[in-house]
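Peer 1: here is a sequence with its predicted model. Questions after.
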Amino acid sequence: MKRTAVFLLVIATFAVLSTTGPVIAFAKERYQDLQIFAKVLNLVQQYYVEEVDTQKLIYGGIKGMLSELDPHTNFLPPDVYKEFESETSGEFGGIGIEITVQNDILTVISPIEDTPAFNAGIQAGDKIVEINGVSTKGFSLAEAAQHMRGKKNSEVHLGIYREGFDKPRDFAVKRGVVKVKSVKFMDLEDGYGYIRLTSFIENSAPDMEKYLKQLQKDHKGIKGLILDLRRNPGGLLDQAVKISDFFLEKGIIVSTIGRNKKEKEVVYAKKEGTYSGFPLIVLINEYSASASEITAGALQDNHRALIMGQRSFGKGSVQSVVKLGDGSGLKLTVARYYTPSGRSIQAEGIKPDVVVEDVDPEAYKKAIIRRDVRRESDMSGHLLGDEELKEQKSAQKTLGLKDDLWFKDQTAKAAKPKTTKEKLLTEDFQAMQAYNYLRAWKVMERFGVEDGAETPVAAAPAAPKDLPKDAPKPAPSATPAK
């Protein structure tokens, strides 16, 4: 009985092997290659001039193998993998930058706001050519991250080359525990809001929803929202999906396709918990990457948001992290991201609906100063307008201010330093343009006329009543007499 079972097993095995010739050939070829690797390892262990650490050799071999693939595929030694796990929780040790490899050069995608790197002046697009005097040429992302990490309050020196530098400059960055607050909110008044998302971490979606509910409650509804994804290097896919889903009632959010093109994973929006019925503008730039691009692409293809700014970074690959037996990890690129319309994000990025170039803040300030003009309201002792009269009466009633004191009070108000909101809307050119579009959105809707409908005409102002017979007639032109 046992012999019959064994015989049948042999027949079955032979049948499988006979139909899987290419698989067997591939396995044989791979086995031969592994034999070469094992032989080299054995020769180094036996005959190298000094005693070597076997684990170090094996780890080095793995790193060398992965260096033949894309920059986002990395081997994470146990200590690096442990720190990697903590990064997505919103608190980790380090300096707070997202990096990539561009043209074989270690490049900053973006410093995370309010982190040591950000405060030290590291900027998006900076080339890191040295870390503590060691050249970064040939560094993988994992190796670079390992060199930049260290004890809290210790310094790491980065050799930075930036456009405009004649040679690399040294930036000293004090390491610290990086606590990432990924969502920042600003009430722009009248039901308009501004949300800045610096990265996609575990608490990004719930934090954003808290601010959306607050804006909705404070103004009994939302009139418009600016979602700022500029310099956002990305993060967790599930957070990008949840945040996109806040604004979508239906449709595809993102799809991923791996090596097998038939195995396509698609994520759809759900109607529950949707914030709709108001215009949404998303700001992106060349340093908006990965999860930022997924969110922008989902909202753009579903016609839910107007995308403004500059073309995004173009990081559209999916990484899976596998924990290995010794506590190390493998970060492996397994698929590509696609927007709802089927566009690949990889190396293409998201193109904005309205291109608004970034303007250097200092140059923009000077431009504003040059455009500053004096108006009637700036003249000393000018005839007060209706709004000023209301404000003056209110001040006299509540504060007891006399006319001359009220003028002084107005001057003092004008001299006060700008608030965060005023700075955003007067010194950030792209944000200001987004806000202007948002405010104009509702105004432009009034001009929408259905086919065949009569175009509305503004009524002429009513003539003032009870004017004395000898009252002067208004001038035919509003131009002041010269």
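Peer 2: Yes, it's here.

Peer 1: the strands in the stretch 201-350 of the chain, which residues?
Peer 2: Taking DSSP state E, counting those that start in this stretch, the strands of the stretch 201-350 of the chain run over residues 224-228, 252-257, 264-268, 280-284, 306-309, 317-323, 329-338.

Peer 1: check contacts around Leu284.
Peer 2: That one is not Leu; residue 284 is Ile. Contacts for Ile284 (Cβ atoms under 8 Å, 6 or more residues apart in numbering) come out as 229-230, 292-293, 296, 307-312, 350, 352. Yep, even glycine has a C-beta here, placed from its N, CA and C like the rest.

Peer 1: between the residues you listed, which is nearest Val80?
Peer 2: Taking Cβ to Cβ as the measure, Val80 lies nearest Ser292 of the contacts of Ile284, at 24.5 Å.

Peer 1: what is the burial count for that closest one?
Peer 2: 30 (other Cβ atoms under 10 Å).

Peer 1: just Leu229 next, same as before
Peer 2: 30.

Peer 1: mind listing what it touches?
Peer 2: Leu197, Val282, Leu283, Ile284, Ser288, Ser292, Thr295, Ala296.

Peer 1: rerun at 6 Å
Peer 2: Leu197, Ile284, Ser288, Ser292 (Cβ atoms under 6 Å, 6 or more residues apart in numbering).

Peer 1: and Gly224, by the same measure?
Peer 2: Residues counted as contacts of Gly224 (Cβ under 6 Å, 6+ apart) are Tyr192, Phe278, Pro279, Leu438.

Peer 1: bridged to it, which residues?
Peer 2: Legend: beta-bridge partners of Gly224 under DSSP bridges are Tyr192.

Peer 1: look up how far Ala305 lies from it.
Peer 2: 11 Å (Cβ to Cβ, to the nearest Å).

Peer 1: in helices only, show me the contacts of Ile284.
Peer 2: Among those, DSSP state H puts Ser292, Glu293, Ala296 in helices.

Peer 1: what's the closest non-adjacent residue to the spatially most central residue of the chain?
Peer 2: With distances taken as Cα atoms, centre = their mean, the residue of the chain nearest its centroid is Asn232 (2.3 Å). What sits nearest to Asn232 in space, not counting adjacent residues and going by Cβ to Cβ, 6 or more residues apart in numbering, is Ser292, at 4.3 Å.

Peer 1: list the contacts for the one you found?
Peer 2: Counting by Cβ under 6 Å, 6+ apart, Ser292 touches Leu229, Asn232, Gly234.

Peer 1: near Thr333, how many other residues are there?
Peer 2: When neighbours are counted by other Cβ under 10 Å, Thr333 comes out with 17.

Peer 1: and what of the one 10 residues further on?
Peer 2: Counted with other Cβ under 10 Å, residues neighbouring Arg343 total 17.

Peer 1: show me the helices in the stretch 51-200 of the chain, by range?
Peer 2: According to DSSP state H, counting those that start in this stretch, the stretch 51-200 of the chain carries its helices in the segments 54-66, 78-87, 116-119, 141-148.

Peer 1: which other residues reach the longest one?
Peer 2: For helix 54-66, the external contacting residues (Cβ under 6 Å, 6+ apart) are Thr73, Phe75.

Peer 1: that one: which residues count as buried?
Peer 2: By 16 or more other Cβ atoms under 10 Å, the buried positions in helix 54-66 come out as Tyr59, Ile62, Leu66.

Peer 1: may I see those arranged in JSON lines, with pLDDT as well?
Peer 2: Formatted as JSON lines, the buried residues of helix 54-66 follow (pLDDT from 0 to 100):
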{"residue": "Tyr59", "pLDDT": "93"}
{"residue": "Ile62", "pLDDT": "94"}
{"residue": "Leu66", "pLDDT": "93"}
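
Peer 1: follow-up on the earlier one: deepest-packed of the strands of the stretch 201-350 of the chain, please.
Peer 2: Mean neighbour count (mean count of other Cβ atoms under 10 Å) peaks for strand 280-284 among the strands of the stretch 201-350 of the chain, with a mean of 26.

Peer 1: how much space separates the residue nearest to Asn232 from Gly277?
Peer 2: 24 Å.

Peer 1: any weak-confidence spans in the stretch 51-200 of the chain?
Peer 2: 86-93 (pLDDT under 70).

Peer 1: one more pass at 90, please.
Peer 2: Within the stretch 51-200 of the chain, the stretches with pLDDT under 90 are 79-94, 96-98, 100-104, 110-115, 138-143, 145-147, 149-153, 176-181.

Peer 1: quick one, strands of it?
Peer 2: Going by DSSP E, counting those that start in this stretch, the stretch 51-200 of the chain shows strands at 74-76, 91-94, 97-102, 105-111, 127-131, 134-135, 155-161, 169-174, 176-179, 183-187, 192-197.

Peer 1: if you compare these, which one is most tucked away?
Peer 2: Mean neighbour counts for the strands of the stretch 51-200 of the chain (mean count of other Cβ under 10 Å) peak at strand 74-76, with a mean of 25.

Peer 1: before we move on, what SS does Gln433 have?
Peer 2: helix (DSSP: H, G, I helix; E, B strand; the rest coil).

Peer 1: what's the per-residue pLDDT of it here?
Peer 2: You'll see Gln433 listed with a pLDDT of 94.

Peer 1: can you count the residues close to the nearest residue to it once chain neighbours are set aside?
Peer 2: The spatial neighbour of Gln433 that comes closest, neighbours along the chain excluded (Cβ to Cβ, 6+ apart), is Val356 at 5.0 Å. Using other Cβ under 10 Å, Val356 has 18 neighbouring residues.

Peer 1: could you check how far Val356 is from Phe429?
Peer 2: For Val356, the distance to Phe429 (Cβ to Cβ) stands at 7 Å.

Peer 1: same question, Ser204
Peer 2: 26 Å.

Peer 1: counting neighbours, go ahead and name the busier of the two.
Peer 2: Ser204 (25 against 18).

Peer 1: identify the residues contacting that one.
Peer 2: Here Ser204 is in contact with Ser182, Val183, Gln239 (criterion: Cβ under 6 Å, 6+ apart).

Peer 1: surely the first one touches Ile195?
Peer 2: Looking back up the chat, that one is Ser182. No. Using Cβ atoms under 6 Å, Ser182 is not in contact with Ile195; the gap is 10.4 Å.

Peer 1: distance from the chain centre to stretch 257-274, please.
Peer 2: Chain-centre distance of stretch 257-274: 21 Å, with Cα atoms, centre = their mean, to the nearest Å.

Peer 1: could you dump that stretch to CSV, C-alpha only?
Peer 2: Output in CSV follows, covering the C-alpha atoms of stretch 257-274 (Å, rounded to 0.1, in the frame of the first residue of the first chain):
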residue,chain,number,x,y,z
ILE,A,257,-0.9,47.5,-10.4
GLY,A,258,2.0,45.3,-9.7
ARG,A,259,4.0,42.9,-12.0
ASN,A,260,0.9,40.9,-12.9
LYS,A,261,-1.1,43.5,-14.8
LYS,A,262,-4.3,41.4,-14.3
GLU,A,263,-4.1,41.8,-10.5
LYS,A,264,-5.3,45.4,-10.1
GLU,A,265,-6.3,46.7,-6.7
VAL,A,266,-8.9,49.5,-6.7
VAL,A,267,-9.9,51.7,-3.8
TYR,A,268,-13.4,53.4,-4.0
ALA,A,269,-14.8,56.4,-2.1
LYS,A,270,-17.7,56.0,0.3
LYS,A,271,-20.6,58.4,0.6
GLU,A,272,-20.7,58.4,4.4
GLY,A,273,-18.9,61.3,6.1
THR,A,274,-18.4,63.3,2.9
